[in-house]
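Trainee: 3D, please:
(2 chains)
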Amino acid sequence: MQLNPVSVLTIVGMALVTYATRIGGLWLMGRVTPSPRVEAWLHNIPGAVLVAIVTPAALSNGPADALAAAATALVAARTRNLLLAIALGVAAAWALRRLLSASGFSP
Amino acid sequence: MSVSLDRVIFTRQGMLEGARRTLPVAIGDIAFAVVLGVLARQAGMSTLETMLMSALVFAGASQFIAVGLWMTPLPVFTIVLTTLIVNLRHLLMGASLRPWLSRLSPFKAYGSAFFITDESWAFTIRNFAGGGRDASFLLGSGLMMFVPWVCGTGIGHLLGASVSARDLAEWALDFIFTAVFTALAVSMWKGKSDLLPWVVAALVALAAHQWLPGNWYILLGGLAGSLLGALRNAA
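Mentor: Below is the predicted model:
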């Protein structure tokens, strides 16, 4: 068994808070109605968190990765096909890193 | 939504219908799960831990974030708190399903609620809004997402054995994280009103990443962007 106690604690913690969000809407929202502002906030969280995660990762690793991230976003926006966007994004990163390092542009 | 909901039922046919409608999405789901499994192995998670996380948490975006933060020593608090924040959107999904689920026994209602994901919720609410009265649709749809998700992460983890850290850099596979989050973010785009909140989220995250230790940039950027979005959207 390859189960580390701290890992299991983390996973169980994640599971509990996630299940709480799933049943919370059923249970809590019957008792209090969220204001439009709270509702708008909840809708806006995932996008903002994902942008916060990805921006430093995309911009702190050289111009090749930044351009590849832009390419990924473009394909995702145009095709709405996430897997295609990811695959083409990785291919773009591979090509751009070689191209830019060959031209002495990035380390 | 003011139709009569007296006759909410829970049958096997409803489950099969939910599963059938979800099948095309489940195929993309499995590919995504394989990617997560490969990344989980690179992060040092065991096969069992990887599959346990998929089975117990069963929430894609937050699992990718957790795997991205997975290192020794494990930032338990950061991972759990970020998971909570990212998954708060389920509150609204559960609330919107309440008219149907609240007519079931607590066991069925709270059991079905475990299977609320972005995809299954979207299929289910569409089915209900179209006059569907079989509340087991959510369970069927959820199981159709759940099984490929858990199996796919396990398969990805095993496949990851043949990928070394050198291969990752060689084939730019270390870029997968950035690509996954970029694509996921774009899929959350709701329209032009998102532009300013997203720019603010990006700028706050960059500043916090530069000047604060640890992973505060995720929460600070996410909160700044989402709160600004809330102020603008509800104004």
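Trainee: Excluding chain neighbours, what is closest to the residue in chain B that chain A sits nearest to?
Mentor: Nearest residue of chain B to chain A: residue B:94, at 2.3 Å (Cβ to the nearest Cβ). C-beta: built from backbone N, CA, C; applies to glycine. Closest residue in space to residue B:94, ignoring its immediate chain neighbours: residue A:25 at 2.3 Å, by Cβ to Cβ, 6 or more residues apart in numbering or on different chains.
Trainee: where exactly do the strands run in chain A?
Mentor: Counting by DSSP state E, chain A has no strands to list.
Trainee: so how many other residues sit close to the residue lying closest to residue A:79 once chain neighbours are set aside?
Mentor: Closest residue to residue A:79 apart from its sequence neighbours, by Cβ to Cβ, 6+ apart: residue A:85 at 6.8 Å. Around residue A:85 sit 26 other residues, with neighbours defined as other Cβ atoms under 10 Å in any protein chain shown.
Trainee: Spatially nearest residue to residue 7 (excluding sequence neighbours)?
Mentor: In the absence of a named chain, chain A is used. residue B:49 (5.0 Å).
Trainee: that's the other chain; I wanted chain B
Mentor: Residue B:7's closest residue in space is residue B:133 (Cβ to Cβ, 6+ apart), at 5.6 Å.
Trainee: For that neighbour, give its distance to residue B:113.
Mentor: Counting by Cβ to Cβ, to the nearest Å, the gap from residue B:133 to residue B:113 is 18 Å.
Trainee: Same check on residue A:5?
Mentor: Counting by Cβ to Cβ, the gap from residue A:5 to residue B:113 is 29 Å.
Trainee: If you count surrounding residues, which of these two has more?
Mentor: residue B:113 (25 against 7).
Trainee: The more buried one is in contact with residue A:23, isn't it?
Mentor: Yes: counting by Cβ atoms under 8 Å, residue B:113 does reach residue A:23; the two are 4.8 Å apart.
Trainee: Mutual contacts of these two, please.
Mentor: residue B:94 (Cβ atoms under 8 Å, 6 or more residues apart in numbering or on different chains).
Trainee: on that earlier part again, wait, what's in contact with the residue of chain B closest to chain A?
Mentor: When contacts are taken as Cβ under 8 Å, 6+ apart, residue B:94 is in contact with A:21-27, A:29, B:101, B:113, B:116.
Trainee: who wins for neighbours among these?
Mentor: residue B:116 (31 neighbours).
Trainee: That residue sits in which helix or strand?
Mentor: Using DSSP states H and E, residue B:116 sits within no helix or strand.
Trainee: Skip the chain neighbours and tell me the closest residue to it.
Mentor: residue A:22 (4.7 Å).
Trainee: What separation is there between that neighbour and residue B:113?
Mentor: Taken as Cβ to Cβ, the span from residue A:22 to residue B:113 is 5 Å.
Trainee: and what of residue B:25?
Mentor: Distance from residue B:25 to residue B:113, by Cβ to Cβ: 19 Å.
Trainee: do residue B:39 as well
Mentor: Applying Cβ to Cβ to residue B:39 and residue B:113 gives a distance of 28 Å.
Trainee: can you check residue B:172 too?
Mentor: Applying Cβ to Cβ, the value for residue B:172 to residue B:113 is 40 Å.
Trainee: List the buried residues for the strand or helix carrying the residue of chain B closest to chain A?
Mentor: Using DSSP H and E, residue B:94 falls within helix B:90-101. By 16 or more other Cβ atoms under 10 Å in any protein chain shown, the buried positions in helix B:90-101 come out as B:90-98, B:100-101.
Trainee: before we move on, back to that, quick one, what contacts the residue nearest to residue A:79?
Mentor: A:72-73, A:75-76, A:79, B:179, B:182-183, B:186.
Trainee: Correct me if wrong: residue B:55 contacts residue B:150.
Mentor: Yes: contact status for residue B:55 versus residue B:150: in contact at 5.0 Å, counting by Cβ under 8 Å.
Trainee: In terms of neighbours, single out the busier of those two.
Mentor: Using other Cβ under 10 Å as the criterion, residue B:55 and residue B:150 rank with residue B:150 on top: 19 against 16.
Trainee: tell me the pLDDT at that one?
Mentor: pLDDT, residue B:150: 98.
Trainee: which helices and strands sit right next to the helix or strand where it lies?
Mentor: Here residue B:150 sits within helix B:137-159, counting by DSSP H and E. Applying 3 or more Cβ pairs under 8 Å, 6 or more residues apart in numbering or on different chains; DSSP states H and E, we find helix B:137-159 packed against helix B:12-42, helix B:47-56, helix B:106-113, helix B:118-129.
Trainee: Out of the ones you listed, the one nearest residue A:48 is which?
Mentor: Closest approach to residue A:48 among the helices and strands packed on helix B:137-159 (Cβ to Cβ): helix B:118-129, 15.9 Å.
Trainee: Just give the number of residues close to residue 64.
Mentor: Looking at chain A here, since you left the chain open. 22.
Trainee: Not quite, go with chain B.
Mentor: Count around residue B:64 with other Cβ under 10 Å applied: 23.
Trainee: Dump the buried residues of helix B:90-101 into a markdown table; add pLDDT as well.
Mentor: Listed next are the buried residues of helix B:90-101 as a markdown table, based on pLDDT from 0 to 100:
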| residue | pLDDT |
| --- | --- |
| B:90 | 91 |
| B:91 | 90 |
| B:92 | 83 |
| B:93 | 88 |
| B:94 | 90 |
| B:95 | 86 |
| B:96 | 85 |
| B:97 | 89 |
| B:98 | 87 |
| B:100 | 88 |
| B:101 | 91 |
